[in-house]
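**Student:** I would like the atomic coordinates for the input below:
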Amino acid sequence: DLLCHIIKQLFPLFRPLQPPVEVITTPYHTLSWLGPPCATRTHKNTFSRLGVDDQPPDWNEELQAARDLPQGSLEERLQRDKAVLQVNSAFVSTVMQGAETVVDGFVEPVNGNPGDPAFLWGGLFMSQGTASAVFGGERGRRAAQRLELNGVQAYSDLEGLQGLHTIPTAIVDYRGVRLSAQGLAPGLEGSEQDQGTAPASRGLLYGVNAGPQESPHRRRLLELLAHAAKSLSLQRHVVLAPNGHQVPLFTSVDAQGLLGADGRFYLLDVFRSFPADANFCPEDYHANTDLPRSFPHGLCRLRPELMQAFSQHKHCQFTQRVRELLDENGGFEECATSGDSRATAAVRAACKDVGSVSDILFEMRFNPNVFSPGVAFPPGESTSTKLQERLLREAAAFIITHQIPAFLEGCLHNSEAPMDGATLKNALHQRGINLRYLGHVVKVIAQSEHKEHLRHIMRTAVAEIFIRSTRRVFNSFLQGVDVSSLSAAVSHFLSCLLVPHFPPTSVGEDTKKKSRRRGRGAGASESTPWSTLTGAELWNLVCQDAAETYVFDSLGSGPNYLVEHYGLQKLSLLREFCLKTGVQLRLRDYSFDNQNKAPIGPEDIINMIPVVKHIHMPTVDASKVYQAAQLSIQKGLLAQAHEQLKEAVYLYGRACDDLHPEAGYCHTLLAKVAYLQGKTAEARSVQLKAVVISERVLGFDHPNTIQQYALLGVYVYAGGETTLAQKCFLRARLLMLTVHGEDHPYTATLDNCLGLVLAEDQTGQFLKNAVRLNTSFFGPTCLQTALNQHLLAQWMCTKGDYRNAMTHEKEALTAFTSLFGEDHPQTRCSKDFLSTITKQAVKVERTLRQAGAECTEATVEVGEYKQKHLELKAAVVKELGLKLPNVASVAVTGGGKCSDREKGCGKEPEGGGNPAEDTSKCQQDQQVEGSLESTGKVSANCHVTEQNQQKEKTSAEGDKAASDEVKTVNDEMESSSGEMNGRMDVPASPSALRSDVSWADVVSKSRGKATAVNREGDGSTANGPAEE
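**Tutor:** Below you'll find the predicted structure:
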């Protein structure tokens, strides 16, 4: 008690403890391209005596010991997952420090090879790798490092494979240099006296250079490799060793299997584990396309996602072919009996037709050494090799004919809506499309009839091509820059990149004095090579790289061409560049309008941060429960999914303290399910945590963070916190404008939300902009556009603008008619609403004309005219049955409060009532269609529908009917005075159309794991499943 009293006296403003998710250090560094505005540029000297006098940690032993922890119970598995994550997190942090120390020149190489220097620091082995001419020099070296990391990730993710180990690996880019960092595995170094002994004595058991040997350890290693090859769809094959011996392999020809001194089996050099991409091999087999073609490096490999998708495609062909053959031989029912030779023959024929490696069952395997330079196969493998060449060619063609069109089709229907380069890369990789196909993606969009609807994808793809080519030029540019001139060189490069025809930098005495005053040394001399770079030279280098890598030559002559032709923003390009290169800028407003002044100065470059790519450690149990919850949602079991998601959140908290991207997705889904169940307070609390996780793990302006802010705005608005909801939506829109710009489908979603939560004239501005964007991206007959048109028509009714309201409602009615037909409830409600507001508009027009005629005939004083005008307005309002907010002012003219009216459904209200309220009543009387998708959803008109949880039909409980409870999210919205009808209070969002797609679903339009709830919403109407 005394201590608490002293603390209160000493710290009267003592802040309460923050939630752990806000104060715990993230496992991995989150890169931010903006720093504090008051920061000064001081290069960090990360030199440490770690590795010189202190004993460096054995990263491999720590990682393997964590992986070998027991996994018998759930508690043991959680402890293991947390231990593995902590070791890998510390390893990645050390890699970042080591990269800065090595590149800045504080560590001497341990070998005498200046072309491939190797370094030992902090228990890490760091090297740039050998630039082999076979793989494409410097480009091939970087590709090999990246592919090695992908191979290690693939073998690390194999479940149920105990005994095959990979050493901890990461790659880091810093100051234009890419380093590969690995832990030191035991048994790999071998003493000098052992160099002349047999390979088995040094631990080499598997590989082309292992030689013929037989031992229990080798047999065990081959069993592990065979199991891994089956999981990775790799074929067992035979190659010729350099000495002419035939060597059976389960991996690529470069892989080596070793027995370490610790008794563990290790697999190394797995950078060619996946099959080659035949589209970038020299053989010509596509006569009607520009593929295959050469590439700057020779390590073009297929992604595992593509191999999986291609196998599924082949399996569909296999089943279809078997049915066709059985139908030709008497029918499926007659032949599909046990022991029927016709069925066996059909299966064998189908296996041969689709290219299965087995003759009696469907099995797809790929040879990673086919189309690899320097690999020879024995004559006995010719048949298998020809089959593998055929499969790889078909897989490469599958990217062009299926995957890229499927990706663009998803973007066309808004199931995929990438905002920046990171989300575009993830969307392409999920379909197995490598980024070297970006040029082909742009070409397909340019030739498509829907290119106007896909302009946001075209813009993002062109920006990604431009930034990636610029990064390669930037890496070469930094090689001749010392640490003292780093900030000046980077700022000059960015000025040349963003300002057309930027001249060379002339560093004078003023610049040197400023540099010395700010603590950056004496400044650069006038003879430095980087200072002679001009904007035209830089642009030519970038265009040349884009043409060689992506076969794209439409970057124009300068940055202004990208802005004018593709609609790119220079600020968005600057953000993408900084995130990919690790450059951190001062937080301030950057203007690129002045062509004669550098937009970025040396004082704006705060730091350069190493960009690390590392192995992602899975959280197995939490991921399984999370996936089970997604399946429960698809089945309609919301209550069960809610419990599973709470369990998954608990498991994520135990394994990674919630600071993991999947943990953020799980929280988002839990908040959405809670919201659909009517638990608004719980949804708000969980979603707030999801926002914090996304900001800390992914970044403050990551597209996922934008989506999380929009969802938080939905939930807080449902709880009555209108002001906070406005801030959430406005922040999301501001970040959206920074990341991509206004011309994006998700901006229309945010504008719809802002139109619902804002008041007065701002509502109309956002709603009109949303209509414009939805119409341009999806067309006038799309469901989103129709709902938006109807919402805008309702708002215009509240403003008294019946003429324009009728125009928008006619557009909505046309769309609903084309989508659902004449007899659909939505079409009928829209038609009734249009008829009602048309009659009201005629009455108002007739009344105002009569009032105008009387006023022109009468000769009255100004005061009398004003009083009569108020009387006429009150009469019109009384006739329409509306309620004026300023009753006192109307009472002067004899008007009073409007009496309550009975509301009809689909007919003119008694006493000229408000058509929006009548349509709302009509909607509330309708029955909700559909099954799960209609459970607890929110319409675009901001009305919440909560349905009772779907009950299991058991004999004990009996059948129960689900009831819908409709409640208004926004009770009322003030509308400013209309030109004709004066000021009135009308419910701003009457429920004219009830939607199967909730507002939360619309805000989180299906994008990755965080939107599994609305994946089933495609093709559903706003009132239920689409009727065929």
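**Student:** what is the neighbour count of residue 162?
**Tutor:** Neighbour count of residue 162, defined by other Cβ atoms under 10 Å: 11. Just so you know, the C-beta spots here come from the backbone N, C-alpha and C atoms, and that holds for glycine as well.
**Student:** no wait, residue 741
**Tutor:** 17.
**Student:** so how far is residue 576 from the residue nearest to it when sequence neighbours are not counted?
**Tutor:** Closest residue to residue 741 apart from its sequence neighbours, by Cβ to Cβ, 6 or more residues apart in numbering: residue 569 at 5.2 Å. For residue 569, the distance to residue 576 (Cβ to Cβ, to the nearest Å) stands at 10 Å.
**Student:** same question for residue 553.
**Tutor:** Residue 553 is 21 Å from residue 576, by Cβ to Cβ.
**Student:** more neighbours: which of those two?
**Tutor:** Using other Cβ under 10 Å as the criterion, residue 553 and residue 576 rank with residue 576 on top: 24 against 11.
**Student:** helix/strand/coil for the more buried one?
**Tutor:** helix (DSSP: H, G, I helix; E, B strand; the rest coil).
**Student:** just give the number of residues close to the spatially closest residue to it that is not a sequence neighbour.
**Tutor:** The shortest distance from residue 576 to any non-neighbouring residue, by Cβ to Cβ, 6+ apart, is to residue 467 (4.6 Å). Burial of residue 467 is recorded as 24 neighbouring residues (other Cβ under 10 Å).
**Student:** list the contacts of residue 467.
**Tutor:** 421, 573, 576-577, 580 (Cβ atoms under 8 Å, 6 or more residues apart in numbering).
**Student:** what comes up buried for the helix or strand containing it?
**Tutor:** Per DSSP states H and E, residue 467 falls inside helix 455-477. Buried positions in helix 455-477, judged by neighbour count with 16 or more other Cβ atoms under 10 Å: 455-475, 477.
**Student:** next: stretch 322-334.
**Tutor:** For stretch 322-334, by 16+ other Cβ under 10 Å, it's 322, 325-326.
**Student:** could you dump that stretch to CSV, C-alpha only?
**Tutor:** Presented in CSV, the C-alpha positions along stretch 322-334 are these (Å, rounded to 0.1, in the frame of the first residue of the first chain):
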residue,chain,number,x,y,z
VAL,A,322,-12.9,-42.8,-67.6
ARG,A,323,-16.6,-42.0,-67.7
GLU,A,324,-16.4,-41.4,-71.5
LEU,A,325,-14.7,-44.8,-72.0
LEU,A,326,-17.2,-46.6,-69.8
ASP,A,327,-20.1,-45.0,-71.7
GLU,A,328,-18.6,-46.3,-74.9
ASN,A,329,-18.4,-49.8,-73.6
GLY,A,330,-22.0,-50.3,-72.2
GLY,A,331,-22.4,-47.6,-69.6
PHE,A,332,-20.9,-46.7,-66.3
GLU,A,333,-23.4,-48.7,-64.2
GLU,A,334,-22.8,-51.9,-66.2
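**Student:** give me the distance between the nearest residue to residue 698 once chain neighbours are set aside and residue 690.
**Tutor:** Spatial nearest neighbour of residue 698, excluding adjacent residues (Cβ to Cβ, 6+ apart): residue 704 at 5.5 Å. Separation of residue 704 from residue 690 (Cβ to Cβ): 9 Å.
**Student:** residue 278 now?
**Tutor:** Applying Cβ to Cβ to residue 278 and residue 690 gives a distance of 42 Å.
**Student:** these two - which one has more neighbours?
**Tutor:** Set residue 278 next to residue 690 and count neighbours by other Cβ under 10 Å: residue 690 wins out with 29 against 25.
**Student:** helices and strands around the helix or strand containing that one, which ones?
**Tutor:** Assigned by DSSP H and E, residue 690 belongs to helix 680-697. Here helix 680-697 is seen to pack against helix 20-23, helix 661-676, helix 703-718 when contacts are counted using 3 or more Cβ pairs under 8 Å, 6 or more residues apart in numbering; DSSP states H and E.
**Student:** redo those helices as TSV? Include mean neighbour count.
**Tutor:** Converted to TSV, these look like this (neighbours: other Cβ atoms under 10 Å):
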stretch	mean neighbour count
helix 20-23	13
helix 661-676	26
helix 703-718	26
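**Student:** tell me which of these sits nearest to residue 165.
**Tutor:** Nearest to residue 165 among the helices and strands packed on helix 680-697 is helix 661-676 (24.4 Å), distances taken as Cβ to Cβ.
**Student:** give me the helices and strands touching that closest one, please.
**Tutor:** helix 620-635, helix 638-656, helix 680-697, helix 703-718, helix 999-1003.
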